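S.K.: no sequence for this one, just the structure:
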């Protein structure tokens, strides 16, 4: 590889910013006037040869003879000019086709209106002008071919016998031209190795017949393509206006078969090539949507047609959008598919990424003509590609002209310039995080077969060291200079952790403690899960314990008494660096309470569960130690239920379902359970105080609780309407009355609880 400097890579990175992904390089060539590149080919010795015209005499262009000259430019592998030649006379000279010859030189075909300078032998008006150059671009010989009218060459190829086949159109019927059918005819000329005519053929009818492409076939005959308006002479079955006209000739120019392809609109073929199966691929434009043409997107489309060896259509594809689109060049690729290039003014249909005005439009098709990828290249002004060729590295070289100086285009010299683009097949590139250590540093390494690297940090090594998380990217260059890109997000320390949440808090019925269920967290750099409970006195969350990252996702709050109050929990994470994350969202448990009514009905009431959404509460009842049975579904905004149970010991619980259920590795939890309440037969009725008198009620300060019988020690608990435990009072053994001071209570409704059963609600004024 010719080692380019990193400065060049920095330039390329800034120029394309991977906006034109797969561009190896792109360059503008020309001067202050107009330059159009018509034909490009990769050369055997390396680099590329480009042919077109220039009417400049400054910038990259020197020795112009006047007006338009043939401008032949030899480029190296990276698009640098090795040499350039202006060839022509004082009038217009316009090349259309160039090909490297077997001796390392070049053959060029186009037309000339000159008869001085490098040009001699012009027959009048415009002639085919064929020039042979050596490997350094020096003129070896030149030939003017034609008659007294307009004769324009479009395509040339060296033949297997060392001579040349040339095709274009001729309006003449004198000089070198004979057999013209009227107007312009296809004019096919076979030359020997010195440019002398061996034979010539006029093909066509009484209207215009314009040829744009010719190629020698494997049987040593020739395939020719262009457009015809004729429907007589050599032409038959024209569909209306211009049709693709494909003609197969034998080795001396006799017609073997001919096909008109198209519809009632205009259809012109600009490029044809024999395919490996012996058939042909043809590309141009069509504004038809009938006859042989279907699928037109609007206006003119690029129309690509696959023919068998006898010219019968195997498949056809209209490619484009609503505006004007057309193909100028096509070639079969090494994978059996096809590459097509031309222009587009669309930005819909098959076309995306148009920069404005006309863009180069490159389309890759598979062997059946299905679109694999497309690429718009250009700027905000007019850009049109005329020639494409697959290169030995399986990339592509493209040539045409650009009027732009923005978007993908830079360095325009003024007006239109040659614009040559080298596309490449990017190697696979990825980024790997090595030895992640979020406490200190981490290495990123670019994985793939590359020669040079440029990171978003500015570093140019294959591996870089980072000290913080974030988005990192690298552009890497293969041995041929082709860029590939990759990016990776390196996590910040603790950043993923504060998103961790408790799955639920439920009741462990065996030990009657709260069970915190959380999803196990699999992440590099985490050490422990920390658990916190709200302290009602301080309104702060206090730490209550920790689990290792390797523990199952369950934690039991041994300090909880679910039957006395509800609890709020949060969790956090501590990483291997010793840093603690923020707290997760809270989960609040359900506290179930109950009392009995006048008719021994059971009044159940509870608080909402906070932590996840649920549609309703499920009320469950067990009788005499049996299984819990669902007795009611209560809407999620209702917190009471009255039950008329059968006789026997009753046990109640309220549950809410979680969807989806928790899955802390070894167990699946699908619902949250409140505490359980057990009601014995003959439980104390709130409205029949039984052994107790409670007065005054409502009260202001002191509250008196008096018992009528029994001398054992009694514990009475005070709770608020939210189920929060407030205080405990004792009637000592032998006492019948106690006075409770309520100075510390705010006005509101409270409940007294005896043996876990609500016996009375009281109101402080």
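M.R.: That came through fine. These numbers come from a predicted model, not from an experiment.

S.K.: Next, the distance between the ends of stretch 699-714.
M.R.: End-to-end distance for stretch 699-714, by CA to CA, to the nearest Å: 22 Å.

S.K.: Show me which residues of it are buried.
M.R.: When neighbours are counted by 16 or more other CB atoms under 10 Å, the buried residues of stretch 699-714 are found to be 699, 703, 705-707, 714. For glycine as for every other residue, the C-beta is placed from the backbone atoms N, C-alpha and C.

S.K.: can you check stretch 297-317 too?
M.R.: If you call a residue buried by 16+ other CB under 10 Å, then stretch 297-317 has these buried ones: 297-307, 309, 311, 316-317.

S.K.: Ok, stretch 587-602 next?
M.R.: 587-596, 602.

S.K.: could you pull out the strands for the stretch 601-750 of the chain?
M.R.: Secondary structure of the stretch 601-750 of the chain (DSSP state E, counting those that start in this stretch): strands at 602-605, 616-623, 629-635, 640-643, 650-662, 669-673, 677-679, 692-695, 702-707, 714-720, 725-731, 737-741, 748-754.

S.K.: Check the stretch 451-600 of the chain too.
M.R.: Going by DSSP E, counting those that start in this stretch, the stretch 451-600 of the chain shows strands at 452-455, 463-466, 470-477, 483-490, 502-508, 513-518, 526-535, 540-548, 554-557, 568-575, 587-588, 593-596.

S.K.: Tell me which helix or strand residue 117 sits in.
M.R.: Element membership for residue 117, per DSSP states H and E: none, as it lies in no helix or strand.

S.K.: give me every residue that touches it.
M.R.: 65-66, 87-90 (CB atoms under 8 Å, 6 or more residues apart in numbering).

S.K.: Kindly report the same for residue 429.
M.R.: Residues in contact with residue 429, defined by CB under 8 Å, 6+ apart, are 446-448, 450, 474, 476, 484-486.

S.K.: who's in contact with stretch 537-548?
M.R.: Under the contact criterion CB under 8 Å, 6+ apart, stretch 537-548 has outside partners 527-535, 553, 555, 557, 559, 568, 570, 574, 583.

S.K.: please redo it, this time with the cut-off set to 6 Å
M.R.: 528-535, 555, 557, 570 (CB atoms under 6 Å, 6 or more residues apart in numbering).

S.K.: Please apply the same query to stretch 648-665.
M.R.: Under the criterion CB under 6 Å, 6+ apart, external residues in contact with stretch 648-665 comprise 503-504, 517, 520, 552-554, 590, 592, 604, 606, 609, 612, 614, 617-624, 668-674, 676-680.

S.K.: just to revisit the earlier point, tell me the one of the contacts of stretch 537-548 nearest residue 186?
M.R.: residue 529 (82.2 Å; CB to CB).

S.K.: Setting aside sequence neighbours, what's the nearest residue to the closest one?
M.R.: Closest residue to residue 529 apart from its sequence neighbours, by CB to CB, 6 or more residues apart in numbering: residue 547 at 4.6 Å.

S.K.: again, but for residue 355
M.R.: For residue 355, the nearest residue in space outside its immediate sequence neighbours is residue 407; the separation is 4.1 Å by CB to CB, 6+ apart.

S.K.: On the three-state scheme, that neighbour is what?
M.R.: For residue 407, the secondary structure call by DSSP: H, G, I helix; E, B strand; the rest coil comes out as coil.

S.K.: looking at it, it is touching residue 354, isn't it?
M.R.: No. With contact defined as CB atoms under 6 Å, residue 407 and residue 354 do not form a contacting pair (9.8 Å).

S.K.: hey, where'd the helices end up in the chain?
M.R.: For the chain, helices defined by DSSP state H occupy the ranges 6-16.

S.K.: Could you pull up the residues touching the nearest residue to residue 140 once chain neighbours are set aside?
M.R.: Spatially, and ignoring its direct neighbours in sequence, residue 140 is nearest to residue 132 (4.5 Å; CB to CB, 6+ apart). When contacts are counted by CB under 6 Å, 6+ apart, residue 132 touches 107, 140-141.

S.K.: one more time with 10 Å, if that's ok
M.R.: Residues counted as contacts of residue 132 (CB atoms under 10 Å, 6 or more residues apart in numbering) are 101, 103, 105-108, 139-143, 164, 191, 193-195.

S.K.: Out of those residues, which sit inside strands?
M.R.: With DSSP state E as the criterion, strands contain 106-108, 139-143, 164, 191 from among the contacts of residue 132.

S.K.: related to what we said a few turns ago, CSV for the strands of the stretch 601-750 of the chain, including mean pLDDT and distance to residue 175?
M.R.: Formatted as CSV, the entries for these read as follows, by pLDDT from 0 to 100; distance: least, CB to CB, whole Å:
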stretch, mean pLDDT, distance to residue 175
strand 602-605, 88, 112
strand 616-623, 96, 98
strand 629-635, 95, 100
strand 640-643, 90, 110
strand 650-662, 93, 87
strand 669-673, 93, 95
strand 677-679, 83, 115
strand 692-695, 77, 130
strand 702-707, 81, 129
strand 714-720, 76, 114
strand 725-731, 77, 116
strand 737-741, 81, 129
strand 748-754, 71, 116
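
S.K.: ok so, going back, narrow the contacts of residue 132 to those that are buried.
M.R.: Restricting the contacts of residue 132 to buried positions leaves 101, 105-108, 142-143, 164, 191, 193, 195, with burial counted as 16+ other CB under 10 Å.

S.K.: How many neighbouring residues does the closest residue to residue 215 other than its chain neighbours have?
M.R.: Taking CB to CB, 6+ apart, and ignoring the residues beside it in sequence, residue 215 has residue 223 as its nearest neighbour in space, at 5.4 Å. Residues within reach of residue 223, counting by other CB atoms under 10 Å, total 21.

S.K.: What of the one 5 residues further on?
M.R.: Residues lying near residue 228 (other CB under 10 Å) number 33.

S.K.: Just the pLDDT at it, thanks.
M.R.: On the pLDDT scale, residue 228 is placed at 98.

S.K.: what's the burial count for the residue nearest to it when sequence neighbours are not counted?
M.R.: Leaving out its chain neighbours, the residue that sits closest to residue 228 by CB to CB, 6+ apart is residue 245, at 3.9 Å. Summarising burial for residue 245: neighbours were counted as other CB under 10 Å, giving 30.

S.K.: For residue 245, give me its contacts.
M.R.: Each residue near residue 245 by CB under 10 Å, 6+ apart is listed here: 186, 203-205, 209-211, 224-230, 234-235, 238, 258-262, 267-269.

S.K.: if you set the cut-off to 8 Å instead, what comes out?
M.R.: With contacts taken as CB under 8 Å, 6+ apart, residue 245 has the following neighbours: 186, 209, 225-228, 235, 258-261, 269.

S.K.: Also residue 101?
M.R.: Taking CB under 8 Å, 6+ apart, one finds 107, 132, 158 in contact with residue 101.

S.K.: I'd like these as TSV, with pLDDT and distance to residue 640 appended.
M.R.: Rendered in TSV, the data for those read as follows (pLDDT from 0 to 100; distance: CB to CB, whole Å):
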residue	pLDDT	distance to residue 640
107	98	98
132	98	103
158	98	98
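
S.K.: and which of those is nearest to residue 38?
M.R.: With CB to CB as the yardstick, the closest approach to residue 38 among these comes from residue 107, at 14.1 Å.

S.K.: right, and residue 60 touches residue 31 too?
M.R.: Yes. Using CB atoms under 8 Å, residue 60 and residue 31 qualify as a contacting pair, with a distance of 6.5 Å.

S.K.: Alright, calling it a day.
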